[in-house]
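Student: here is my input, please return the structure:
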Amino acid sequence: MIIWPFLVIVAVLLWLSSESMSVLVGVRSFSEGESLWSKGQKEAVFHLMRYAETRSEADYQKYRDAILVPRGDRKARIELERPDPDYAIVWRGLVEGRTHPDDIPHVIKLYRRFRNVSFMAEVVAVWEEADQMVDDLIRSADQLHERASSPNATEQTLRPILHQILDIDARLTPLEDRFAQRLGDAARSTQLLLLIANLAIATTLIPVGIFLSYRMVRRRDEAERALKLSEERFNLAVTGSNDGLWDRNLDTGGVYYSPRFKQLLGFTEPEMEDTQEALTSRLHPEDRPAHEQAVDGHLKRGVPFDIEMRLQTKAGEYRWFHFRGQSVRSTAGRAMRMAGAMTDRRPSPTA
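Tutor: Numbering: from 1, shown residues only. Below is the predicted model:
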């Protein structure tokens, strides 16, 4: 029982460590996603330039494959902004953005929990601005494809659109750098916050656990002292009484005879076993039926157990003793234990 506060502390720290790892995985995935986003955008521009030269649909298809990465991330971001997002859409968008499936739950958790925290809000703001430029890039690519597909297309007719594409690419480059910088700041801030949270919780819970353990130990010691005092009082009462006490567990068959009980029969404590046989074997043969009837009547019908019978002492003589007892019963009324006292019928020497 004493260790349970520390078990709670360990469980809380393990949970906090798990959450910390999840956040760090999310931050790492964001960083990898930024690299894939930038790579996809740059490759898309490259393949558009190639398409303007070759007019090959294969090059244009390569552009579409490359631009799918920023578009997939944009799809996921827009859905995550909703109060009740459809996580299937988020999942598909992040997969299109080439986020590893194992990292997607951590990315979602990081975005939803820290979206409005200052350092994360700056990252998302840069992301939104870059997505708007990607939309411009996609519109320019559509115009390029439409003009390049015309039989009358010339280098002069395509040049204005290519300038637009290169201009967008030039404006995206510093945004991508700023995104990477803000994401790095966010990662460092997150690590610092997690470190502070871990230390704060540990320094709070450990003293609490020590205090609770100390209080439990103190209560246990007080209970042990109270029990010891109660046992001492009981032993004093038994020692000072002329009666011998007996106690029988009806479920297990265990029996207890007090030292005075054995002394009345002439035995020292080690000389007489604490068994039911030790008593019944010393009953006078004529008193055994009455003893059995008295026990049976008390256990089965609740008749008071109050009987006088003869017991053989260590010296071999039979002496009269007065037995009284009471059973302890379960809630169903079944007798589980029976205890009482044995009194010597001989007159007291001081009487």
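
Student: can I assume A315 sits in a strand?
Tutor: No. Under DSSP: H, G, I helix; E, B strand; the rest coil, A315 sits outside any strand and is assigned coil.

Student: first-to-last residue distance for stretch 274-291?
Tutor: Length of stretch 274-291, first residue to last, C-alpha to C-alpha, to the nearest Å: 19 Å.

Student: for it, what is the average pLDDT?
Tutor: For stretch 274-291, mean pLDDT rounds to 93.

Student: and that stretch, which residues are buried?
Tutor: 274, 279, 283, 287, 291 (16 or more other C-beta atoms under 10 Å). C-beta: built from backbone N, CA, C; applies to glycine.

Student: after the helix or strand hosting V95, next one along is what?
Tutor: Using DSSP states H and E, the element containing V95 is helix 87-96. Following helix 87-96 in sequence order, the next helix or strand is helix 104-114 (DSSP H and E).

Student: going by neighbour count, list what's buried in that following helix.
Tutor: By 16+ other C-beta under 10 Å, the buried positions in helix 104-114 come out as 104, 106-108, 110-111, 114.

Student: pick the one among the residues you listed closest to V25.
Tutor: V25 has its nearest neighbour among the buried residues of helix 104-114 in H106, at 4.2 Å by C-beta to C-beta.

Student: OK, contacts around I161?
Tutor: Listed by C-beta atoms under 8 Å, 6 or more residues apart in numbering, the contact set of I161 reads 140, 143-144, 147.

Student: as JSON lines, these with pLDDT would be great.
Tutor: Shown next, in JSON lines, are the contacts of I161 (pLDDT from 0 to 100):
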{"residue": "S140", "pLDDT": "93"}
{"residue": "Q143", "pLDDT": "93"}
{"residue": "L144", "pLDDT": "92"}
{"residue": "R147", "pLDDT": "90"}
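
Student: among those residues, which ones are buried?
Tutor: Among the contacts of I161, those buried by neighbour count (16+ other C-beta under 10 Å) are 140, 144, 147.

Student: got the residues you listed as JSON lines, with distance to M133 and secondary structure columns?
Tutor: Output for the buried ones among the contacts of I161, formatted as JSON lines (distance: C-beta to C-beta, whole Å; DSSP: H, G, I helix; E, B strand; the rest coil):
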{"residue": "S140", "distance to M133": "10", "secondary structure": "helix"}
{"residue": "L144", "distance to M133": "16", "secondary structure": "helix"}
{"residue": "R147", "distance to M133": "21", "secondary structure": "helix"}
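
Student: if we only consider those, which is nearest to E222?
Tutor: Nearest to E222 among the buried ones among the contacts of I161 is S140, at 82.2 Å by C-beta to C-beta.
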